[in-house]
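Asker: I'll drop the sequence and a predicted model, then ask my questions.
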Amino acid sequence: MLNGRQKEQLERFNMLRDLWRKAALGLLAASVILLLFGTVAYAITWSYLGHISGSTFYSPADSVMWAGYTEISTYRYVYGSHHLFTYGDRVFDIAQAYNGTEYPALDFDDQRQGGGFHTALHATTWYQTNAPVFNHWRFDDNGDGRREQVRLALYPPLLHPGHYYYDQQFEDLDFPYYRNSGELNSSAYWVWPWGARITSEWMCKLFYEPNNTFSRQCAW
């Protein structure tokens, strides 16, 4: 059994190891954008926010939460991430409930801090994952033209107790004239093929600030 100090050292080691992985993924994404489109791309600066877990059969049993940003003089992007998330033994419950028309999904939804639909961010089409993806939807919750909510549905038959990552990009459309703050609510969903939820479980809020600092408030 590990004592308290050993557990703290192990957690710090795992955090640093994941940070290197996240940095490598960010540099890889920037390189791919530069290669494919010939445009200047910048790496993502990540912040580690710790572990979370859900309680329902369609929620990840464990996830390492991260938030990040990319900012230059003309644009600002904010990122939410489930890193090294796993459904563990729940994949068997998901497979049992799956009948070819229902899928587990992960969702990020931007709101003002404290709730409400005065959203600041717009979910882009950019995301990266190693999970088997059924579909990727972006939603406009309040008719303001910004797609503040995004949902990634996964193929249940291909899931296994291994680990995956899912990084999602949001653009701050008011930048550089105004620096927004807000919260990215992360939830686990059980959805129909067109994206509508059957049921859901709220997991965590990732708070982002104008100075690109991050914090969290989670259910578990």
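Answerer: Happy to help now that I have it.

Asker: where does the chain dip in pLDDT?
Answerer: Scanning the chain for pLDDT under 70 picks out 1-42, 220.

Asker: quick check, central residue of it?
Answerer: In the chain, the residue lying closest to the centroid (CA atoms, centre = their mean) is residue 81, at 3.2 Å.

Asker: what's the separation between the closest residue in space to that residue that isn't next to it in sequence and residue 163?
Answerer: The shortest distance from residue 81 to any residue other than its chain neighbours is 4.0 Å, reached at residue 66 (CB to CB, 6 or more residues apart in numbering). (C-beta placed from N, C-alpha, C; glycine too.) Per CB to CB, to the nearest Å, residue 66 is found 14 Å from residue 163.

Asker: repeat for residue 195
Answerer: Taken as CB to CB, the spacing of residue 195 relative to residue 163 amounts to 25 Å.

Asker: cool, residue 152 as well?
Answerer: On the measure of CB to CB, residue 152 and residue 163 end up 16 Å apart.

Asker: and these two? which has more neighbours close in?
Answerer: Remark: of residue 152 and residue 163, residue 152 carries more neighbours, 22 against 17, as counted by other CB atoms under 10 Å.

Asker: the more buried one bridge partners, please.
Answerer: Each beta-bridge partner of residue 152 is listed here, defined by DSSP bridges: residue 106, residue 136.

Asker: now do the same contact list for it.
Answerer: Residues counted as contacts of residue 152 (CB atoms under 8 Å, 6 or more residues apart in numbering) are 105, 106, 107, 127, 129, 131, 133, 135, 136, 166, 168.

Asker: so residue 214 sits against residue 80, correct?
Answerer: No. The pair residue 214 and residue 80 fails to qualify as a contact (CB atoms under 8 Å) at a distance of 9.5 Å.

Asker: partners of the closest residue to residue 47 other than its chain neighbours in the sheet?
Answerer: Setting aside the residues directly before and after it, residue 47 is nearest to residue 214 in space (CB to CB, 6+ apart), at 4.5 Å. Following DSSP bridges, residue 214 is listed with bridge partners residue 208.

Asker: can you check residue 199 too?
Answerer: The residues paired with residue 199 through beta bridges, assigned by DSSP bridges, are residue 190.

Asker: residues contacting it?
Answerer: By CB under 8 Å, 6+ apart, the contact set of residue 199 is 56, 58, 189, 190.

Asker: before we move on, what about residue 149?
Answerer: With CB under 8 Å, 6+ apart as the criterion, the residues that contact residue 149 are 107, 108, 109, 110, 123, 138, 139, 140, 141.

Asker: perfect, that will be all.
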